[in-house]
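# here is the input, now give the coordinates:
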Amino acid sequence: MHHLFRILALTWMGVIYLASSQAAITAPPLFPGMDKIMHMGTYAVLGLLYLLSIKDWRRRLTWKTVALITLGTTLYGISDEYHQSFVPGRYPDVADVIADGMGGFLAAFSARYFMGGKGARGSL
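Predicted coordinates:
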């Protein structure tokens, strides 16, 4: 089953790439910081797909895994912002990368805290 989630993670990365290839959206946000929330949500999905692509993920859900998922989503966020620097009407934003990494972290941390891992619940 973890192989399916690897394919889904790669597919989601492709969706992110295609979305960031589009010209900037000029519609006003519904609330301040909405774009950062959208980045966090998008990369939380990616972080969850990364996690589920690990064989026996519940058993391997350690702080190292949380850190690696955070690193993976952050690195993809950096590559996405770099890609956007070549798209007319788009520009790279460090705050977007931070939101991307936070999304990945929140997905992995939540899974570790609520769903398993060695000493998960309540052992920060």
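# C-alpha from now on. contacts and neighbour counts both.
Will do.
# for this structure, give me the ranges with low pLDDT.
The chain contains residues with pLDDT under 70 at 25-27, 116-124.
# which residue ranges of this protein form helices?
Here the chain has its helices, by DSSP state H, at 2-20, 34-52, 63-84, 94-115.
# next up, phi/psi of residue 93, please.
phi -140, psi 120 (degrees, to the nearest 10).
# the residue lying closest to it once chain neighbours are set aside and residue 16: what is the separation?
Among residues not flanking residue 93 along the chain, residue 81 sits closest, at 6.7 Å (C-alpha to C-alpha, 6 or more residues apart in numbering). In this view, residue 81 and residue 16 are 11 Å apart by C-alpha to C-alpha, to the nearest Å.
# comparing the two, which residue is more hemmed in?
Taking neighbours as other C-alpha atoms under 10 Å, residue 81 and residue 16 compare with residue 81 leading, 21 against 18.
# wait, that one sits on residue 95?
No - between residue 81 and residue 95 there is no contact, the gap being 10.2 Å when judged by C-alpha atoms under 8 Å.
# what's stretch 43-58 in contact with?
When contacts are defined by C-alpha atoms under 8 Å, 6 or more residues apart in numbering, stretch 43-58 is touched by residues 1-6, 8-9, 12-13, 69-70, 72-73, 100-108, 115-117.
# output that stretch as CSV, restricted to C-alpha atoms.
Coordinates of each C-alpha in stretch 43-58 appear next as CSV, following Å, rounded to 0.1, in the frame of the first residue of the first chain:
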residue,chain,number,x,y,z
TYR,A,43,2.1,21.0,2.0
ALA,A,44,0.3,19.3,4.9
VAL,A,45,-1.2,17.0,2.3
LEU,A,46,2.2,16.4,0.8
GLY,A,47,3.7,15.7,4.3
LEU,A,48,0.9,13.2,5.0
LEU,A,49,1.5,11.5,1.7
TYR,A,50,5.2,11.3,2.4
LEU,A,51,4.4,9.8,5.8
LEU,A,52,2.0,7.2,4.4
SER,A,53,4.6,6.2,1.7
ILE,A,54,6.8,4.8,4.5
LYS,A,55,6.4,1.1,5.0
ASP,A,56,5.1,0.4,8.5
TRP,A,57,4.9,4.1,9.1
ARG,A,58,3.2,3.8,12.5
